[in-house]
Structures are given as C-alpha cells and as structure tokens.
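Undergrad: using only what follows, build the 3D model:
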Amino acid sequence: MDFRSLTVTSFHEGLVKKEFSALEATQAYFAAIKTEDPKIGAYLSTREDAALREAEAADIAIAKSERGADGRPAIHLLTGVPVALKDNMLLEGEIATAGSKILERYRASYDSGIVSKLKLGGAVILGKTNLDEFAMGSSTENSAFHTTKNPHDLTRVPGGSSGGSAAAVAANLAVAAFGSDTGGSIRQPASLCGVVGMKPTYGAVSRSGLIAMASSLDQIGPFAKTVEDAAILFDAVKGY
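TA: Numbers count the residues shown, from 1 in each chain. Presented below is the predicted three-dimensional model:
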C-alpha cells in the first residue's frame, strides 16, 4: 500500500477499517524520509524511536476504544496520523533550533500549546522541519543548517520561512505539517509547493512555546493536501 498518498481523512478511514496500522504507516514514512529527504532537505531532525512509540500507542488506543453504532473505533481524526513541525515549536525533550546555530543545543523543557493538543489527538510527530533562521526569510535558503529544495523541481525554492513543512507535505514525507506565518510564511510556501496552507486569525491558535519572530504578528497554522484536511488540523489545535 502507498501510505504516502493518503490525506488525513483517508488515513483515518484506513486506520479504523484496519487496512493498516499506525506503526506500519509510520515505518513507511521514515523509510521514505531516509531515501528521499537527503535531496530535498525538508527536515532538520527526525525522532524515529519516539514516533514509533507514539504509533504503537495509537494502535493500542484504537484496539481499546469504544465502538460506535457502525462498529468502528471511536477515535480522534488525528490518531496515528504522521505529522511534522516547523523547528520553532517546542517539543519537550527535543532540540528546537529555529534554524539557527545559536540554538543548536537548546532542548525544550516543555511542550508548546500546539504540541499538547496534537498529543491529545494522538498524532505521531515525525520530526522538525527546516526554516529560514528565526523565521526571517521567504525561500528557506537562509537556514543556518542547509537549504530546502522544492520537491517538484529541485532547482527551485520551496518558499519560506516554513519551506521545510511545505516541502515535507508536497513530497509526501508527512501526511500534514505545521508552520508559522508572520508576513506570509505559511501562505507563500504553500503556494510555491502546491499544497494547502492556512494562516489562522491572530489568537485563534496558541503561540505558547513558539520561538517568536514578531510576537504581535506570529500565527501557527497547518499545511495539508486538501482544504478538508486543513480544516481538520485547525480544528484540532485551535483555542487557548
């Protein structure tokens, strides 16, 4: 099965119908990342061991969950879904660089608001994606670590500053991803990579644990393959 063609909604359908397990899907995504991401550079870091544990936990939750009237497991739409995070969002115990060598050894001591909500939904977090340093840029060529390429044409940029998240979704190296937008940093790379990007209204999604570019303007939002998926992702992380 080609797991990587799945949207959030089709992933959920396959999971509840037991066409595959969250663990199988997560393993397939890491195999693809190892093979394909070296030429794209969407990720700054991955967390394979932790993600596989999250996938196993999702499969256990599905097995133990109550059944609806149709006999299917009653689980959150994001349970088991492999997602990626722009590397300016804190994930407890993981390095958070914001694309800068200044923070290359900084390890987060708590989860950002968005991560807390993704964990509540049972999502699987594959890793952290590349960005222009401190989210200041529009091409993801200004990361202190490496440039990110547009998966559709490696001679072109993916946009920025959330270019790693947009590229990960466009290259099918994550079902969905999250970025931040201050002056176009979700909308522009979504356009350049041919995916759906959403900049929510300021304050609709918590900025807790987001390394700031400009606190009075920064907003966190999703990258997805469909508008329906973007709505699902926003609904999962919105609120204080």
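Undergrad: contact partners for Ser191?
TA: Gly159, Gly197 (C-beta atoms under 8 Å, 6 or more residues apart in numbering). In this view, the C-beta of every residue, glycine as well, is placed from N, C-alpha and C.
Undergrad: tell me which element it falls in.
TA: helix 187-193 (DSSP states H and E).
Undergrad: where does Glu13 sit: helix, strand or coil?
TA: Three-state call for Glu13 (DSSP: H, G, I helix; E, B strand; the rest coil): helix.
Undergrad: now swap in the one 5 residues further on and tell me
TA: Under three-state DSSP, the three-state class of Lys18 is coil.
Undergrad: residue boundaries of the helices in the chain?
TA: Counting by DSSP state H, the chain has these helices, from start to end: 8-16, 22-40, 48-64, 113-121, 163-170, 187-193, 227-237.
Undergrad: now the helix holding Ser191 - C-alpha only, PDB.
TA: Included here for helix 187-193 are C-alpha records, laid out as PDB according to Å, rounded to 0.1, in the frame of the first residue of the first chain:
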ATOM      1  CA  ARG A 187       0.800  31.100   2.600                       C
ATOM      2  CA  GLN A 188       3.800  31.700   0.300                       C
ATOM      3  CA  PRO A 189       5.500  28.300   0.600                       C
ATOM      4  CA  ALA A 190       2.100  26.500   0.300                       C
ATOM      5  CA  SER A 191       1.600  28.300  -3.000                       C
ATOM      6  CA  LEU A 192       5.100  27.500  -4.300                       C
ATOM      7  CA  CYS A 193       4.800  23.800  -3.300                       C
END
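Undergrad: returning to that earlier point: could the helices of the chain be laid out in JSON lines, adding distance to Asn142 and mean pLDDT?
TA: Below are the helices of the chain laid out as JSON lines (distance: least, C-beta to C-beta, whole Å; pLDDT from 0 to 100):
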{"stretch": "helix 8-16", "distance to Asn142": "30", "mean pLDDT": "94"}
{"stretch": "helix 22-40", "distance to Asn142": "17", "mean pLDDT": "97"}
{"stretch": "helix 48-64", "distance to Asn142": "27", "mean pLDDT": "95"}
{"stretch": "helix 113-121", "distance to Asn142": "24", "mean pLDDT": "97"}
{"stretch": "helix 163-170", "distance to Asn142": "10", "mean pLDDT": "98"}
{"stretch": "helix 187-193", "distance to Asn142": "13", "mean pLDDT": "98"}
{"stretch": "helix 227-237", "distance to Asn142": "26", "mean pLDDT": "98"}
